[in-house]
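Visitor: Here's a sequence, model it:
(3 chains)
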Amino acid sequence: MAATTTAPLTTSWRDRIKEPRTALFLIIAYIALAILVLVTLDRRSLLFPLFSTCAFPPFVLSPFVILGSPLSGRTKVRLILALILLIMPIIGIFDGAYLELAIQICIFAGLALGLNIVVGFAGLLDLGYIAFFAVGAYIWGMFTSTVDTYWATQPVTLVPFAWLLYFLVAIGVSTTVLRGRRENRFFWTVGVLGVFILATIVWNAVVNNLVFLATQIAPNWLVPSWAFFLFLIVGVVIAAWVGVLLGLPVLRLRGDYLAIVTLGFGEMIRVLARNLDAPINFTNGSQGLSGVSRPPLPGLWVDATGAIANGLSVRVDNVEPVAQQLLFYFIAIAMIGIIILVARRLEDSPIGRAWTAIREDEVAAIAMGVPLVRMKLLAFAAGAAFAGAIGVLYAAKQTFVSPESFSLIQSISILAMVIVGGMGGIRGVILGAVVVTLLNLQVLKNISLQINALRQIDYMIPIINFRITDWPTQLEPAKYERLVFGLLLILMMIFRPAGLLPEPRRKMELQSMKEAAGEGVEPITEIPAAAGSEG
Amino acid sequence: MLLEVNNVEKSFGGIRAVRSVSVNIEEGSLTSIIGPNGAGKTTLFNLLTGIYKPDSGAINFNGRSIIGFRPDQVNAAGMARTFQSIRLFHAMTVLENVMVGMHSRLRISLADTLLRPVGFVKQENHVRQKASDLLHFVGLAGKGDEVSRNLPYGDQRRVEIARALASDPKLLLLDEPTAGMNPNESVDAMNLFRRIRDELGVTVILIEHDMRVVMGISERISVLDYGEKIAEGTPTEIKANPRVVEAYLGRQAAGTTDEKQKATEE
Amino acid sequence: MERTTQAANPFAGMVEWFSSPPVTGGWLYRFIIYPLLQMAVFIIGIAAFLTAAAYLIAFIIPNPRENIVLAEQINRQLPGMIISGISVGFVYSMIALGYTLVYGVLKFINFAHSEIFMVGSVVGFEIMQRIDEAGASQQWNPVVMVVTIVLSSMLASGLLAVLIERVAYRPLRNAPRLVPLISAIGVSFFLTDVVRATEAMLRNDFNLRYPTNDLNWLTDAIPLVIGGITVNIKPTSIIMVIGAVLTLLALNYFVNGTKLGRGVRAVSQDQSTAGLMRIDVNFMISLTFFIGGAFGGAAGALFGMNAGTITPYVGFIPGVKAFTAAVLGGIGNVTGSLLGGLTIGMLEAFLNGTLAYFPALGQRYTDIFVFAILIIVLIFRPGGLLGERVDEKV
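Guide: Modelled structure (predicted):
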């Protein structure tokens, strides 16, 4: 930006591309080229997997190129919005596979942003984060799956939930009313108790009647598909609640213990999901829940998609799945938007400052009046809440939920996203999600596809005379995501611990720790046992 | 009495770090706790602020027992402290450091944070304003946006004091606040301590090694040795106390490398 | 103020094995009799405790299902459960030692240790498979064969552990605590797939079956009559116990009876002071990793021989359980690993034996119980049963 003010006789190309106009031109050319390649690629060609792998990542990464460019803030926002809201859907209409990838990226970006609150903001290493995602997915799955589960069949099963909800609300209301009331305490207490008893009677009647009605209307009921949007909120609440329940006993543990315990929790939730099909069928065990509802698809939306496809002269055999995917894409984008907003606001608040303080020095933080366990619980619950909502979306998108989608490797891949991008920074984390998801779902997969395609024609690599058919079938790149994630984690930790797009403060923390250690002053990160007893 | 400490005990393993110490602090006073290295001074501060739990004894602050309080509850009750080895949040700016110190005085609500009603914005503005006022008070006006690790040593100590003052404490515990300062800085620091007491009305307890500071500003002095309180009184009384001279100054005379040892000690 | 605290120790006096004050007496007593006695005490104690607990549950819930009398089932299974508990417990102890030793010197949880264990069992498989492919497995003396397999696994895993420390941990020694931990997680994931890729290239398969079928001494169960009940003991159980006891005795001798062992102990007490005393800290750390890794490798080979089939993913669950064992015993405390490992192994055997009789539970929940124990221990007694050396500095 400042480069324009100086006008030396010989401008080097470095300076020249920093000029906004040139930069804008270059960026548009770059994006146009990527789009062109994407749209013109022939799916049937032999080297399609390879080319597609070379073309799609540059396109998806273009928002980050724009962010790093010397354009004005406004232009940046406009360009990025156009890319996300306009160009990506159009590419999606041309080829649904890219739209699918974009949705997956959004899902993982949402998860990574959630984990970032826990790991990046509050500095708590959570290796079982996927558990909260599973909670969200199973909530929607259990209520809408066509599999004959306990939940799906009988309205009566909702009674305990109704009462749980009731008691949560009751406890909340009564503590708020009674808190801080020093005068007439007795009367207030009696009053609250009276109201509580009355309300209980009323609620009992309401629940019983509702259940009776429901049994009359639909003895084998399913939650309607429009409830999806309601369940996004239910997913948030329940996942946050699970986060608090899991976090309460373990958050006063030291960092490395916390990592192992959360890992244990993650595995426990998976084992439970796998085994809770007997004696009462909650999760349908390892077979998973199939036939999960999608959100309703308005007819208008389908028509509009069809019209746009026509306008672009793309031949679409069946508009409905495309429209469905587009709908998921926009829901996912909206959710990411909300998550970014929430994360920003949390960061820039007393809560965010408290998290940073805890991350940097727990002892100093608690001595300055920051309630450690409460703030950590809040981080845990906030992260879990995001994962819960994303889980509901995921279940609806896949229409299938199975325990195997929630294994440790998923938790680690999300952690890898946070670390690759740069802990603590929202931009970096999204970049990490894009990079890791693409690696996992596109690059590795396409290399496998490419090898298989070449195997079909019995291709021989020239010069080294290696026949692809000699490639061991077990050595399929798509199955080696652990190797990639593992290597990523090690290399990032050794060479760029603050990530690709480092958040300045995080970077400084890593440096200051190193210096402190170099000076022989050991950073003390623990609170002695006496300090941890928070109820 | 603002603070009453009665027969507080604390041992680690077999070592009795604090042995039956009793101290009373009057509101508005300026007290020093002195003693040779390893006498249990910092341990006493840690007991007062809830970082350690005493094995036995009573601590009453502002009329109620604070035994079993967590450090953050102690802070909320009105007792703030600094640390001997500076424990700022190094990657935060100076202003943010002070703002964190206000945590226990803020209304913290998740809904407010997300929805940003007028009250939240007002509170944030107030926090910012008060933090910069405090920085002005400790003599760091205009340095709020600097990253705290980049400040010189003496200024970092001032930030720590401002951070502690941010919670509107009734009692301020300063753990060797002039350690590593040159004589000029020490004089400035002494003035600051006086102003904290006189202008803000905060009761102050210091742990100090610098005898000029101790004798210069303390109204009362308590002397610890081997975890025991061996003397208490006005500076003149303490100077004349033979036990103190024997236990404290005697050893001081034997080795003047006290300052250096401290770094390795704690 | 730096002070070393010993958490209150409920077993004080009985369990001071590797920790100060050293056991006094003759060489034979210090390094053979005393440790063996101690193991015996642990085994009997844990077995007695769990048996009592099992019968207590049987008393409270006599018929968990129709037609099932829990007490009778326990009667029938008790010897089998105890024997399998001992053998599995020793394996867990050996893995737990790896966590504990490394924690002792670096105050860091070596997340990749479960993979070092896995590599041990894969290397054991490779050696045995090669012997078998050469057609020599029948000629080899069983003892020589087992010793060869276990020793090569120990060597491979030990060297691997040293390599990992050198490459992935040493550059990060001064970084914040989470950094080497994340690196260790990376190493763990990396290793599983490297092994998988290697085996895919070598054999185009990663389900590795130890060639134990035609070795009678390894497959034929040994019948043993205890109190009128015939218990079939797998020979591998006996191999596991003997192997574990021998290596544990060797470790005890190394740590308490040699100069190098003293160096390791010194480094684990205080690195910088040890450095000032002209102890080569880096060498001692490497040595610790080697020993810990070697123990993991030995456990891996023994585990593999017992399990028969292994995969590159076999390390995770035993790894977590061994970690639980290390924490239960008190991480950083070598004796604690032994106690913790035996406890977890025995508990697992008891759960495996009895959970099946309960409706809505079953063996599949055994792992959850073990995790639950980890969490409970960490919450209520983070120092573990034998207490951890806690450095409190403020």
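Visitor: Verify the contact between B:Arg128 and B:Met99 for me.
Guide: Yes - B:Arg128 is within contact range of B:Met99, at 6.9 Å (criterion: Cβ atoms under 8 Å). The way it works is simple: take the backbone N, C-alpha and C, and place the C-beta from them, glycine included.
Visitor: low-scoring stretches of chain A, by residue?
Guide: Scanning chain A for pLDDT under 70 picks out the ranges A:1-11, A:151-157, A:180-182, A:218-222, A:511-535.
Visitor: Of all the residues in it, which one is nearest chain B?
Guide: A:Gly369 (3.2 Å; Cβ to the nearest Cβ).
Visitor: name the element the residue nearest the centre of chain A belongs to?
Guide: Most central in chain A under Cα atoms, centre = their mean is A:Leu111, positioned 1.6 Å from the mean C-alpha point. A:Leu111 belongs to helix A:96-116 when assigned by DSSP states H and E.
Visitor: what does the stretch 51-200 of chain C have sitting close to chain A?
Guide: C:108-109, C:111, C:168, C:171-183, C:185-194, C:196-197, C:199-200 (Cβ under 8 Å from any Cβ of the partner chain).
Visitor: Among those residues, which lie within helices?
Guide: When these are checked against helices (DSSP state H), the matches are C:178-183, C:185-194, C:196-197, C:199-200.
Visitor: if we can go back for a sec, checking the residue of chain A closest to chain B next. Helix, strand or coil?
Guide: What DSSP: H, G, I helix; E, B strand; the rest coil gives for A:Gly369 is coil.
Visitor: residues touching the residue nearest to C:Met284 when sequence neighbours are not counted, list them.
Guide: Nearest residue to C:Met284, sequence neighbours excluded (Cβ to Cβ, 6 or more residues apart in numbering or on different chains): C:Val267, at 4.3 Å. By Cβ atoms under 8 Å, 6 or more residues apart in numbering or on different chains, the contact list for C:Val267 reads C:105, C:274, C:279, C:281, C:284-285, C:288.
Visitor: part of a helix, is B:Lys143?
Guide: No - counting by three-state DSSP, one finds B:Lys143 to be coil, located in no helix.
Visitor: how deep is the residue lying closest to B:Gly68 once chain neighbours are set aside tucked in, by neighbour count?
Guide: Nearest residue to B:Gly68, sequence neighbours excluded (Cβ to Cβ, 6+ apart): B:Lys53, at 6.9 Å. By other Cβ atoms under 10 Å in any protein chain shown, 17 other residues sit near B:Lys53.
Visitor: again, but for A:Pro295
Guide: Counted with other Cβ under 10 Å, residues neighbouring A:Pro295 total 21.
Visitor: repeat for the one 5 residues further on
Guide: Using other Cβ under 10 Å, A:Leu300 is surrounded by 9 other residues.
Visitor: measure the residue nearest to C:Met284 to chain A for me?
Guide: Distance of C:Val267 to chain A, computed by Cβ to the nearest Cβ, to the nearest Å: 15 Å.
Visitor: quick one: what helix or strand has that residue in it?
Guide: C:Val267 belongs to helix C:259-269, assigned by DSSP H and E.
Visitor: my guess is the residue nearest to the centre of chain A meets A:Ala387, correct?
Guide: Yes - contact between A:Leu111 and A:Ala387 holds when scored by Cβ under 8 Å: they sit 5.8 Å apart.
Visitor: Now name the helix or strand holding the residue nearest to B:Gly68.
Guide: In this structure, B:Lys53 sits in neither a helix nor a strand according to DSSP H and E.
Visitor: picking up where we left off before, which residues are in contact with each of A:Leu111 and A:Ala387?
Guide: A:129, A:133.
Visitor: and B:Leu172, that's in a strand?
Guide: Yes - secondary structure of B:Leu172 (three-state DSSP): part of a strand.
Visitor: Give me the pLDDT value at it.
Guide: At B:Leu172, the model reports a pLDDT of 96.
Visitor: can you check C:Phe303 too?
Guide: What the model reports as pLDDT for C:Phe303 is 93.
Visitor: ok, longest helix in the chain?
Guide: No chain was given, so I picked chain A. Chain A, longest helix under DSSP H: helix A:185-217.
Visitor: That was the other one, I meant chain C.
Guide: Max-length helix for chain C by DSSP H is helix C:70-106.
Visitor: Run the chain-centre distance for the next helix or strand after that helix.
Guide: Sequence order places helix C:113-133 as the next helix or strand after helix C:70-106, per DSSP H and E. Distance, stretch centre to chain centre, for helix C:113-133: 17 Å (Cα atoms, centre = their mean, to the nearest Å).
Visitor: How about stretch A:440-447?
Guide: On Cα atoms, centre = their mean, the centre of stretch A:440-447 falls 20 Å from that of its chain.
Visitor: Ok, stretch A:495-513 next?
Guide: For stretch A:495-513, the distance to the chain centre is 23 Å (Cα atoms, centre = their mean).
Visitor: got a list of contacts for it?
Guide: Under the contact criterion Cβ under 8 Å, 6+ apart, stretch A:495-513 has outside partners A:64, A:120, A:356, A:359-360, A:419-425, A:427-428, A:431-432, A:435, A:492, A:523, B:90-92, B:147, B:149, C:174-176, C:179.
Visitor: what do you get for stretch C:251-265?
Guide: Under Cβ under 8 Å, 6+ apart, the answer for stretch C:251-265 is C:17-18, C:22-23, C:27, C:30-31, C:35, C:97, C:101, C:105, C:274, C:279-280, C:284, C:287-288, C:291, C:295, C:334.
Visitor: Just checking the distance from it to the centre of its chain.
Guide: The chain centre lies 20 Å from the centre of stretch C:251-265; the measure is Cα atoms, centre = their mean.
Visitor: C-alpha coordinates for it, CSV please?
Guide: Extracted in CSV, the C-alpha atoms of stretch C:251-265 (Å, rounded to 0.1, in the frame of the first residue of the first chain):
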residue,chain,number,x,y,z
LEU,C,251,16.5,-53.3,36.0
ASN,C,252,16.5,-53.2,39.7
TYR,C,253,20.2,-54.3,39.7
PHE,C,254,21.0,-51.7,37.1
VAL,C,255,19.3,-48.8,38.8
ASN,C,256,20.5,-49.6,42.3
GLY,C,257,23.6,-51.6,41.8
THR,C,258,25.6,-49.8,39.1
LYS,C,259,27.3,-46.5,38.6
LEU,C,260,25.3,-45.8,35.5
GLY,C,261,22.1,-46.4,37.3
ARG,C,262,23.2,-43.9,39.9
GLY,C,263,23.7,-41.4,37.1
VAL,C,264,20.2,-41.9,35.9
ARG,C,265,18.8,-41.5,39.4
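Visitor: Only the buried residues of that stretch, if you could.
Guide: Going by neighbour count (16 or more other Cβ atoms under 10 Å in any protein chain shown), the buried part of stretch C:251-265 is C:251-253, C:255-256, C:261, C:263-265.
Visitor: Taking those together, which two end up most distant?
Guide: Greatest spatial distance in the buried residues of stretch C:251-265: C:Asn252 and C:Gly263, 16.1 Å, computed using Cβ to Cβ.
Visitor: So C:Val304 sits against C:Tyr210, correct?
Guide: Not quite, residue C:304 is Gly, not Val. Yes - if you go by Cβ under 8 Å, C:Gly304 and C:Tyr210 touch, sitting 5.7 Å apart.
Visitor: Need the overlap of contacts for those two.
Guide: C:124-125, C:310.
Visitor: still on that earlier bit, how about the residue nearest to the centre of chain A, what does it touch?
Guide: By Cβ under 8 Å, 6+ apart, the contact list for A:Leu111 reads A:129, A:133, A:386-387, A:390, A:414, A:417, A:433.
Visitor: Using JSON lines, please lay out those residues together with distance to chain C and neighbour count.
Guide: Listed next are the contacts of A:Leu111 as JSON lines, based on distance: Cβ to the nearest Cβ, whole Å; neighbours: other Cβ atoms under 10 Å in any protein chain shown:
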{"residue": "A:Tyr129", "distance to chain C": "13", "neighbour count": "31"}
{"residue": "A:Phe133", "distance to chain C": "19", "neighbour count": "33"}
{"residue": "A:Phe386", "distance to chain C": "21", "neighbour count": "32"}
{"residue": "A:Ala387", "distance to chain C": "19", "neighbour count": "31"}
{"residue": "A:Ile390", "distance to chain C": "22", "neighbour count": "30"}
{"residue": "A:Ile414", "distance to chain C": "12", "neighbour count": "32"}
{"residue": "A:Met417", "distance to chain C": "13", "neighbour count": "30"}
{"residue": "A:Ala433", "distance to chain C": "17", "neighbour count": "30"}
